[in-house]
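J.: A structural model of the following input is requested.
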Amino acid sequence: MTAELRVLGQGQALQGAAHGVRFDPAAPMLFVINSSSGAQDISAKCAVIEAALASHGRQGVLRVCRPADLRQVATEAAAAAVARGSAVVAVGGDGSLNTVAQAAHAAGCAMGVIPYGTFNYFARTHGIPTDPAAAAQFLMTAQPSPVQVAAINDRLFLVNASLGVYPELLQDREAYKARFGRSRWVAFVAAVVTLLRAQRRLRLHIEMGAAERDVQTLTLFVGNNRLQLAQLGAEPIDTLAGTPGHGSMAALMLRPIGTLAMVRLLLHGAMGRLGEAAGVESFEFHHMVVRPRLAPGRKEVVVAFDGEVARMRTPVDIRVLDKPLYLLQAPSATVPTASGPEGTA
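T.: As a prediction, the model looks like this:
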């Protein structure tokens, strides 16, 4: 069940198209808000949006929904945005952004972001303020611009996707957060514990065009976000991620190593020099098919994408999508560097 709150304002109707999507700056934007944070937090989020709309004389529709209804509400909001020549706005963390992006990309409408996540890599990479109030104000004058997105099988992702120990790390992180609270230090401790007890090896057959190879790895991590890769110190020099329709992604593989080597690897990662660590291989690609060697009777593998964990049938197809996502950005948006407090992972 969803609740809808209409916020009315005044605005001059301007019809136009931007980079392949129809976008009317005066049309009401549709805000999709996940209610999982609690009623008080939802009220605060709505107040931030209402204040931004009122200060610019804009209109908006706020749709608050339960996590179980998020995909359906995002799909409905994206369809309404297409009909109005408007944009659908994701209000929340990485999981909410991913779900709304999937709907906006499929429908062909513009998408906006008000980030409430921990790291906010997607927002920061594309010049969107990480303070929610500033992000809401930013949306009022933003214009659609194409950005690169990727897919793992039939699921779109914005930041990263992975197989192996990384999905396990995410599951452990959520367990630690439930017990100790949400913070970057909790996430870091969970990562250390997961990696130090990592034992299971993935046996993968990888196909990239005519090239094929068999590998053993603890994890296969695919990055579609230059800021995150730069912070890890693992960005291939020629990575074009962020160039719509013509970019590539970076893949990292962690070879099975001992405990002492794992500690050294963690230190390299903490210092942003993961690409220099022994046991880490990185390469660049546009399209990759991964065939894991599974136990008899198994047809699915656990994968992670943008912080979500799911089971997918094999083979796993990972690719840069030809069709970009049209993101609301400043007309002269610049990509931030990985330095400063916000650049600390």
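
J.: Paired strands for the host helix or strand of V301, with orientation please.
T.: According to DSSP states H and E, V301 maps onto strand 300-305. When pairing is defined by DSSP bridges, strand 300-305 lines up against strand 160-164 (antiparallel), strand 308-313 (antiparallel).

J.: what does the shortest one rub up against?
T.: Meaning strand 160-164. In this structure, residues lying in contact with strand 160-164 by C-beta atoms under 8 Å, 6 or more residues apart in numbering are 150, 152, 200, 202, 204, 217-225, 228, 254, 290, 292, 301-306, 316, 318. The C-beta positions use only the backbone N, C-alpha and C, and glycine is treated the same way.

J.: Give me the buried subset of those.
T.: Among the contacts of strand 160-164, those classed as buried by 16 or more other C-beta atoms under 10 Å are 150, 152, 202, 204, 217-225, 228, 254, 290, 292, 301-306, 316, 318.

J.: Buried residues, the top helix by length along the chain. List them.
T.: Counting by DSSP state H, the longest helix found in the chain is helix 39-56. The neighbour-count check on helix 39-56 (16+ other C-beta under 10 Å) flags 42, 45-46, 48-50, 52-53, 56 as buried.

J.: Can you tell me which helices and strands it packs against?
T.: strand 2-7, strand 29-34, strand 60-65, strand 110-115, helix 132-139 (3 or more C-beta pairs under 8 Å, 6 or more residues apart in numbering; DSSP states H and E).

J.: Of all those, which one is nearest A310?
T.: Proximity to A310 (C-beta to C-beta) singles out strand 29-34 among these, at 17.4 Å.

J.: Could you list the buried residues of that closest one?
T.: 29-34.

J.: Of all pairs in these, which one spans the longest distance?
T.: Largest pairwise distance in the buried residues of strand 29-34, by C-beta to C-beta, is 16.9 Å, between M29 and N34.

J.: Quote the end-to-end distance of stretch 125-136.
T.: End-to-end distance of stretch 125-136 (C-alpha to C-alpha, to the nearest Å): 17 Å.

J.: buried stuff in it?
T.: 125-130, 132, 135-136.

J.: which stretches of the stretch 101-250 of the chain form strands?
T.: With DSSP state E, counting those that start in this stretch as the criterion, the stretch 101-250 of the chain has strands at 110-115, 143-147, 150-152, 155-157, 160-164, 202-208, 211-217, 219-223, 249-254.

J.: Mind putting these into TSV with mean pLDDT?
T.: Output for these, formatted as TSV (pLDDT from 0 to 100):
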stretch	mean pLDDT
strand 110-115	97
strand 143-147	94
strand 150-152	96
strand 155-157	96
strand 160-164	88
strand 202-208	94
strand 211-217	93
strand 219-223	88
strand 249-254	86
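
J.: could you point out where the stretch 151-300 of the chain is predicted with low confidence?
T.: 165-200, 227-246, 256-279 (pLDDT under 70).

J.: can you do 90?
T.: Residue ranges of the stretch 151-300 of the chain with pLDDT under 90: 162-202, 216-221, 223-284, 294-299.

J.: and stretch 49-59, average pLDDT?
T.: In this model, stretch 49-59 has an average pLDDT of 97.

J.: sorry, back to before: adding distance to L163, write the helices and strands packed on helix 39-56 out as TSV.
T.: Below are those laid out as TSV (distance: least, C-beta to C-beta, whole Å):
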stretch	distance to L163
strand 2-7	34
strand 29-34	26
strand 60-65	30
strand 110-115	26
helix 132-139	32
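
J.: Which one, of those, ends up nearest to A74?
T.: Checking these against A74 by C-beta to C-beta gives strand 29-34 as the closest, at 5.2 Å.

J.: Pull the residues that contact the closest one.
T.: Residues outside strand 29-34 that contact it (C-beta under 8 Å, 6+ apart): 42, 45-46, 49, 58-67, 70, 73-74, 77-78, 80-81, 86-92, 95-96, 100, 112, 114, 139.

J.: now the angle between helix 132-139 and it, please.
T.: 150 degrees (axes from the mean of the first three to the mean of the last three C-alpha atoms, to 10 degrees).

J.: picking that back up, for S248, which of the strands paired with strand 300-305 is the nearest?
T.: It is, among the strands paired with strand 300-305 and with distance given as C-beta to C-beta, strand 160-164, at 14.1 Å.

J.: hey, C-alpha coordinates of the closest one in CSV?
T.: Extracted C-alpha coordinates of strand 160-164, given in CSV (Å, rounded to 0.1, in the frame of the first residue of the first chain):
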residue,chain,number,x,y,z
ASN,A,160,29.3,-2.1,-9.0
ALA,A,161,28.5,-5.7,-9.3
SER,A,162,30.3,-8.8,-8.0
LEU,A,163,30.4,-12.5,-7.4
GLY,A,164,32.2,-14.5,-4.6
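
J.: got the angle between it and strand 219-223?
T.: Using the same axes, to 10 degrees: strand 160-164 against strand 219-223 is 170 degrees.

J.: Need the distance between the two termini of stretch 141-157.
T.: Stretch 141-157 stretches 26 Å from its first residue to its last (C-alpha to C-alpha).
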